[in-house]
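Student: Sequence below, structure please.
(one chain, ligands or ions: 2)
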Amino acid sequence: MISVEQALERVLEAVVPAVSERVCLDQAHGRVLAEDVVAGLDLPPWDNSAMDGFAVVASDTTSVPARLAVAGVLMAGDTPQNSVQPGSCVRIMTGAPMPEGANAVVMFENTDRGLEEVVIHKSVEPGRNVRNQGNDVSRGAVVMNRGRTLGAAEIGLLAALGLPHVEVARRPRIAVLSTGDEVVPVGTPLGPGQIHSSNTHALMALIEEAGAVGVNCGNVPDDPALLREALARCVQEDLVVTTGGVSAGDHDFVKDAFEAHNAELSFWKVRVKPGKPLAFGHIGGKPAFGLPGNPVSCMVGFLQFVRPVIRSILGDSSPYLPVIQARLSAPLSKKPGRALFARVALRLEEGEVRAVPVSNDSSGALMSMVGADGFALLGEGCTELSEGDSVEVQVFRWGWQNRVSGGLPWS
Ligand code: AMP
Ligand code: MG
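Tutor: Ligands and ions are numbered 1, 2, ... in the order given. Okay, here's the model as predicted:
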């Protein structure tokens, strides 16, 4: 049996970086940049007004009230025709280019809004309410590096820079194969002894969250020959994930089926709870993970080992789940020898993050995952943590920060 760290090292060795593809911006959300982005433009591209008001020569407003002639009007989209002379100004709207000669804008609220002549009530210093060319981004600057995940702000920036397309990592396709005589697809009424394949759909969702494409390959019964055949079909995809049939039971044939395709398994068991049985090897040159059938073990195995592989294939510069420090709100104990990923709900209390262990820690209890936001990490040697102890928590769900008060922080 190997440690979590060793298992992670082995699976990451299997990573082959994805090729890249060009996508349009509306398809870029959540994708991982495959190129450094260099600004081809200054942002803003030219000096412009940050306010609706009057573009002035700042020194004309040193003593107020000041009376200035209004020499023209500039709307956003206009091109300035004349420069502003001392003693005069231009009525200007937000986003309109600054006319030459003017070096500040007095907002409407500090004037009488006069049409031909305006009275300025408040003085401005040079630069006030002006957004200077290149103030946000200078042309030639590297604004984002490859490996960055594209969210709304990143996509907005690409658009502002005039880039309609972006080079991103191609999403790997992941075959999802469930196994088990008792497992039937959701939508089929349950016969005696049967269960729905919840893992298939939990995995499809986890795969999408990880930035890959899931391919549902259905379920195969616990039959070595059928299992081998199904695996042979799965290797059309970039990576294979199976669930169930991987432990030491009489009907657990996944390990044998992996071995039948593959001279040697890289590993079969990891010193981790939940999710000890976890096979990893290559089938037809493709990395293949045999995850356990218990729903919690299956999700833990995915999040600990498959997800970092997917994120690394995508070139993500930080392929691991984020870890935060929290304070335990109840004791946790375990036997030495295996690392524990203890499901915890997170709460913000008096400015501190509390980790609340779930009440039912059975590896079959899906409600414990529904109620959890992360895993408290207990190393192999750790046997006991007390209430109030500080723990590291791997976070797989955000939004719990809002549960305390909801709404805006100051309301
Ligand atoms: P196994 O890993 O095959 O020994 O299965 C362990 C437990 O997980 C058993 O109770 C199975 O019925 C259950 N299980 C196996 N496959 C699935 C699946 N696809 N969805 C939900 N539960 C499953
Ligand atoms: Mg089984």
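Student: going forward, measure contacts and count neighbours with C-alpha atoms only.
Tutor: Fine.
Student: ok, which residues in the chain are in contact with ligand 1?
Tutor: 178-180, 196-200, 243-247, 292-295 (Cα under 6 Å from any ligand atom).
Student: Residue ranges in the stretch 201-350 of the chain under the pLDDT threshold?
Tutor: 262-264 (pLDDT under 70).
Student: the strands in the stretch 151-300 of the chain, which residues?
Tutor: Counting by DSSP state E, counting those that start in this stretch, the stretch 151-300 of the chain has strands at residues 165-169, 173-179, 183-184, 195-196, 213-220, 239-243, 267-269, 272-273, 277-283, 286-291.
Student: any residues touching the first one, and which ones?
Tutor: Outside strand 165-169, the residues within contact range by Cα atoms under 8 Å, 6 or more residues apart in numbering are 18-25, 28, 31-35, 314-315.
Student: what's the answer for the third one, then?
Tutor: Applying Cα under 8 Å, 6+ apart, the set of residues contacting strand 183-184 from outside is 190, 194, 195, 196, 197, 219, 221.
Student: so residue 110 makes contact with residue 66?
Tutor: No: using Cα atoms under 8 Å as the test, residue 110 is too far from residue 66 to be in contact (11.1 Å).
Student: Now for those two: what residues contact both?
Tutor: 120, 121.
Student: for this structure, what's the longest helix?
Tutor: Counting by DSSP state H, the longest helix found in the chain is helix 198-210.
Student: what about that one, near ligand 2?
Tutor: No: Helix 198-210 does not reach ligand 2 (Cα under 5 Å from the ion); its nearest approach is 12.1 Å.
Student: Return the set of buried residues in that helix.
Tutor: Residues 198, 199, 200, 203, 204, 206, 207, 210 are the ones in helix 198-210 that count as buried (16 or more other Cα atoms under 10 Å).
Student: got it, and stretch 323-336?
Tutor: 323, 326, 327, 328, 329, 332, 334.
Student: So the second one versus residue 345, what's the distance?
Tutor: Spelled out, that is residue 326. According to Cα to Cα, to the nearest Å, residue 326 and residue 345 sit 11 Å apart.
Student: overlap in contacts of the two?
Tutor: Between them, residue 326 and residue 345 share the contacting residues residue 355, judged by Cα under 8 Å, 6+ apart.
Student: partners of the one helix or strand residue 340 maps to in the sheet?
Tutor: Using DSSP states H and E, residue 340 maps to strand 339-349. Strand 339-349 has the following strand partners under DSSP bridges: strand 272-273 (parallel), strand 352-357 (antiparallel), strand 374-378 (antiparallel).
Student: Out of those, which is closest to residue 73?
Tutor: Residue 73 lies closest to strand 352-357 among these, at 53.6 Å (Cα to Cα).
Student: In the chain, which residue sits nearest ligand 2?
Tutor: residue 245 (4.1 Å; Cα to the ion).
Student: ok, residues contacting the longest helix of the chain?
Tutor: Under Cα under 8 Å, 6+ apart, the answer for helix 198-210 is 174, 176-178, 186, 213-216, 218, 243, 293, 295, 298-299, 302-303, 307, 310-311.
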